[in-house]
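Undergrad: what's the 3D shape of this:
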Amino acid sequence: MSGDPVAVSAGDVPDGRRGPRIVISQQVAVCVVYVSGLFLSTLDMTIVNVALPTIGHAFDVPPTSVDTVSIFYLVSLAVSVPASGWLGDRFGGKRTLLTAVAVFTVGSALCGTATSLGELVAFRVLQGAGGGMLASVGMAMLLRAFAPSERVRASAVLSIANGLAPTLGPVLGGLLVTHVSWRAIFYVNVPVGVFATVFGLLCLRDDPARPTERFDLAGFALAASGFGLVMYGISEGPERGWTTPSVAAGLACGAVLVAALVVVELRGRSPMIDVRLLTDRLFASGSAVMTVQSATFLGTLFTLTLYFQDERGMSPQAAGLSTFPEALGVVVGSQLASRLLYRMLRPRRHLMLGAGGTSVTVALMGLLREDTALWVVVLLLFCMGLCVGQVFVGTQSASFATVSASSSGRASTLFNVGRRLGGAVGVAAATSVLVSAGPSGRAASGGTPGISGYRAAFLTVAALNLLGLYAATRVSDTEAASTIPQPAGRSEPGTPEKSPRRPEKAPGKPQKEKEEEPQP
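TA: Predicted coordinates for the structure are as follows:
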């Protein structure tokens, strides 16, 4: 990050009449608010799963009904993401981002007070609406706050949230449910959300609303319903069966609506989902890598958690702790990427290394047995995290290099739609393989799939990730050149060593004095 994170300023007015005060760098301020919100919304995708049996017992509902607590959260995320880019442009980034964080925080507090399953599901929908909005708006603000060559460091910070939160969810959820209450898994979001909101109000600079086209109602209706139905079908299909009428109808209708969305948005003058951005090869390739990597990351994490519990007999809490080395690998890998590898290898080879390494490590997990030494599993997890960290940093740094500032909001919307759907597809693919590996279907018999099922799931996810490796080969180093940091001590091409001296206002000053400074 460039510039001092904390500096003394004369205030917001030009003449400094308000006196000196401490001002937080906007780069730091955006990172703090966005990463806090992103961490919470990502954490809630996994932390609740551990508590579902307890919630079902508390409300006296069957397991097939309590799953709606997770399903409707994911559907709400998918529905709210499409409008987030337009809202950020129309009302300003700061206002929209802080509103999204506040909505998520209020939804979390209400979830903790729910007295019935219906109330809890409704409040989870509110949570998802806030989480879906903040992901895209925060990313757009981040793109505007950081110069292209500085985004690699910002991406390293984001990778901590993307990598740590899904792994921490089962661990923290198990601890809170066991030692406190299932309601605590929602209350834990409140202090962080309040801090992020207050910090943003005090430190974020007002991002003025941009003149934008009218709200694309047709595009929003098609995107919200299409993505919502697809997310519902993907989430429910593995357990209920892909041929179940509700699942099959949801997927079919969702696919038709998404196809209609593409046609309508290509013809529209001010599309909400600007699919034309996918004609930008760099953005399309980077988004594809991120989508596939999200599927691999969450699919593998889900499979490993079940492997530890079903095959090795671990408790949910112990299983969650055993998957934690993956998060540590992501943190270490993202720092290694931002400080060295992205610059040294260049974006294309860097992403190929990350995607290829992920496929190899996940495929090696397909060799695991019930009695494989735990340190071997932990080592594979850490190595996978190292590779995933490269992809997280590389895609978030390179993908937006050729996207204009005016299109950053809609580009971040598309990027996040892919990431959300990718994660759901990864879990669904792994679950489907595990279910089909059961003696007579896991959902029907309640049995475990056996070690062969877990091996098949790992190999399936590893093969799926090869699509991301192919997309990485399509990334152009030339197009992403502006995002490559220069070595210390060397200025970027076309950037002066020192900031140009600001000319003082002097009305009526003789032209001679102006001519003393040669013009380019």
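
Undergrad: quick check, central residue of this protein?
TA: Geometric centre of the chain, nearest residue: residue 162, 5.7 Å, by Cα atoms, centre = their mean.

Undergrad: the helix or strand containing that residue - what's its average pLDDT?
TA: Per DSSP states H and E: residue 162 is located in helix 151-179. Here helix 151-179 scores 81 as its mean pLDDT.

Undergrad: packing partners of that helix?
TA: Using 3 or more Cβ pairs under 8 Å, 6 or more residues apart in numbering; DSSP states H and E as the contact criterion, the elements in contact with helix 151-179 are helix 26-43, helix 47-59, helix 117-145, helix 184-187, helix 281-306, helix 316-322, helix 324-336, helix 374-398. In short, each C-beta sits where N, CA and C put it, glycine included.

Undergrad: pull out the buried positions in it.
TA: Residues of helix 151-179 classed as buried by neighbour count (16 or more other Cβ atoms under 10 Å): 151-177.

Undergrad: ditto for stretch 193-208
TA: Within stretch 193-208, the residues that count as buried by 16+ other Cβ under 10 Å are 193, 196, 197, 199, 200, 203, 204, 207.

Undergrad: can you tell me what sits against that stretch?
TA: Under the criterion Cβ atoms under 8 Å, 6 or more residues apart in numbering, residues 23-24, 26, 29-30, 32-33, 36-37, 40, 92-95, 97-98, 101-102, 104-105, 108, 141, 144 lie in contact with stretch 193-208.

Undergrad: could you do stretch 338-351 as well?
TA: Taking Cβ under 8 Å, 6+ apart as the rule, stretch 338-351 contacts 152-153, 155-156, 286, 289, 337, 353, 390-391, 393-395, 397-398, 472-473, 475-477, 480, 483-485, 487.

Undergrad: give me that answer again for 6 Å
TA: Residues from elsewhere that reach stretch 338-351 (Cβ atoms under 6 Å, 6 or more residues apart in numbering): 152-153, 156, 289, 393-394, 398, 472, 475, 477, 480, 484-485.

Undergrad: off-centre distance for that stretch?
TA: How far stretch 338-351 lies from its chain's middle: 21 Å, per Cα atoms, centre = their mean, to the nearest Å.

Undergrad: just the buried residues of it, please?
TA: For stretch 338-351, a neighbour-count test (16+ other Cβ under 10 Å) marks 338, 341, 342, 343, 345, 346, 347, 348, 349, 350, 351 as buried.

Undergrad: could you identify the most distant pair in the residues you listed?
TA: Longest distance between any two of the buried residues of stretch 338-351 is 17.0 Å, between 338 and 348; criterion Cβ to Cβ.

Undergrad: just the helices in the stretch 401-520 of the chain please.
TA: 408-437, 442-445, 451-472, 511-515 (DSSP state H, counting those that start in this stretch).

Undergrad: re the thing from before, which ones among the buried residues of stretch 193-208 map onto helices?
TA: Of the positions in the buried residues of stretch 193-208, 193, 196, 197, 199, 200, 203 sit in helices, assigned by DSSP state H.

Undergrad: pick the one among the residues you listed closest to residue 319.
TA: Distance to residue 319 across those (Cβ to Cβ) is lowest for residue 193, with 27.8 Å.

Undergrad: the closest one and residue 317, how far apart?
TA: Distance of residue 193 to residue 317, computed by Cβ to Cβ, to the nearest Å: 25 Å.

Undergrad: between its first and last residues, how far does stretch 104-124 reach?
TA: One end of stretch 104-124 sits 9 Å from the other (Cα to Cα, to the nearest Å).

Undergrad: so where's the stretch 151-300 of the chain uncertain?
TA: Judged by pLDDT under 70, the stretch 151-300 of the chain has its weakly predicted residues at 207-213.

Undergrad: ok, residue 43 to residue 28 distance?
TA: From residue 43 across to residue 28, the span is 22 Å (Cβ to Cβ).

Undergrad: pLDDT check: weakest of the buried residues of stretch 338-351?
TA: Among the buried residues of stretch 338-351, residue 338 has the weakest pLDDT, 88.

Undergrad: residue 250 and residue 92: what is the separation?
TA: 36 Å.

Undergrad: neighbour count: these two, which is higher?
TA: residue 250 (22 against 18; other Cβ atoms under 10 Å).

Undergrad: tell me the secondary structure at that one.
TA: What DSSP: H, G, I helix; E, B strand; the rest coil gives for residue 250 is helix.

Undergrad: which residues touch it?
TA: Per Cβ under 6 Å, 6+ apart, neighbours of residue 250: 229, 232, 233.

Undergrad: and for the helix or strand containing residue 94, what's in contact with it?
TA: Assigned by DSSP H and E, residue 94 belongs to helix 93-113. Helix 93-113 is contacted from outside by 37, 87-88, 120, 123, 126-127, 130-131, 133-134, 137-138, 141, 183, 186-187, 189-190, 193, 196-197, 200, 204, 206-207, using Cβ under 6 Å, 6+ apart.

Undergrad: quick one: that helix to chain centroid distance?
TA: From the chain centre to the centre of helix 93-113 is a distance of 17 Å (Cα atoms, centre = their mean).

Undergrad: taking helix 117-145 as reference, get the angle to the strand or helix carrying residue 220.
TA: Residue 220 belongs to helix 217-240 when assigned by DSSP H and E. Relative orientation of helix 217-240 and helix 117-145, computed by axes from the mean of the first three to the mean of the last three Cα atoms, to 10 degrees: 120 degrees.

Undergrad: any buried residues in helix 217-240, and which?
TA: Within helix 217-240, the residues scored as buried using 16+ other Cβ under 10 Å are 219-220, 222-240.

Undergrad: nearest spatial neighbour of residue 396, chain-adjacent residues omitted?
TA: Once flanking residues are discounted, residue 396 sits nearest to residue 155: 3.9 Å by Cβ to Cβ, 6 or more residues apart in numbering.

Undergrad: just list the residues touching that neighbour, thanks.
TA: 393, 396, 397.

Undergrad: distance of the nearest residue to the first one once chain neighbours are set aside relative to residue 395?
TA: Counting by Cβ to Cβ, 6+ apart, residue 337 is the residue found nearest to residue 393 once chain neighbours are left out, at 4.0 Å. Between residue 337 and residue 395 the distance is 11 Å, computed by Cβ to Cβ.

Undergrad: how far is stretch 315-330 from where the chain is centred?
TA: Put simply, stretch 315-330 sits 19 Å off its chain's centre (Cα atoms, centre = their mean).

Undergrad: burial of the residue lying closest to residue 131 once chain neighbours are set aside, as a residue count?
TA: Nearest residue to residue 131 in three dimensions, chain neighbours excluded: residue 41, at 3.2 Å (Cβ to Cβ, 6+ apart). A total of 26 residues lie near residue 41 under the criterion other Cβ under 10 Å.

Undergrad: quick check, pLDDT for residue 41.
TA: Residue 41 is assigned a pLDDT of 84 by the prediction.

Undergrad: wait, it touches residue 132, no?
TA: No: in this structure residue 41 lies outside contact range of residue 132 using Cβ atoms under 6 Å: 7.8 Å.

Undergrad: pLDDT below threshold where in the stretch 301-450 of the chain?
TA: Low-confidence segments of the stretch 301-450 of the chain, defined by pLDDT under 70: 438-449.

Undergrad: rerun at 90
TA: Judged by pLDDT under 90, the stretch 301-450 of the chain has its weakly predicted residues at 301-328, 330-331, 335, 338-340, 368-374, 396-397, 403-414, 416-450.

Undergrad: wait, residue 216 touches residue 272, no?
TA: Yes: counting by Cβ under 6 Å, residue 216 does reach residue 272; the two are 3.9 Å apart.

Undergrad: find the residue closest to residue 430 in space, skipping its chain neighbours.
TA: In this structure, residue 430 finds its nearest non-sequential neighbour in residue 299, 4.2 Å apart by Cβ to Cβ, 6+ apart.

Undergrad: ok, the one you found - contacts?
TA: Residue 299 sits next to 426, 427, 429, 430, 461 when contact means Cβ under 6 Å, 6+ apart.
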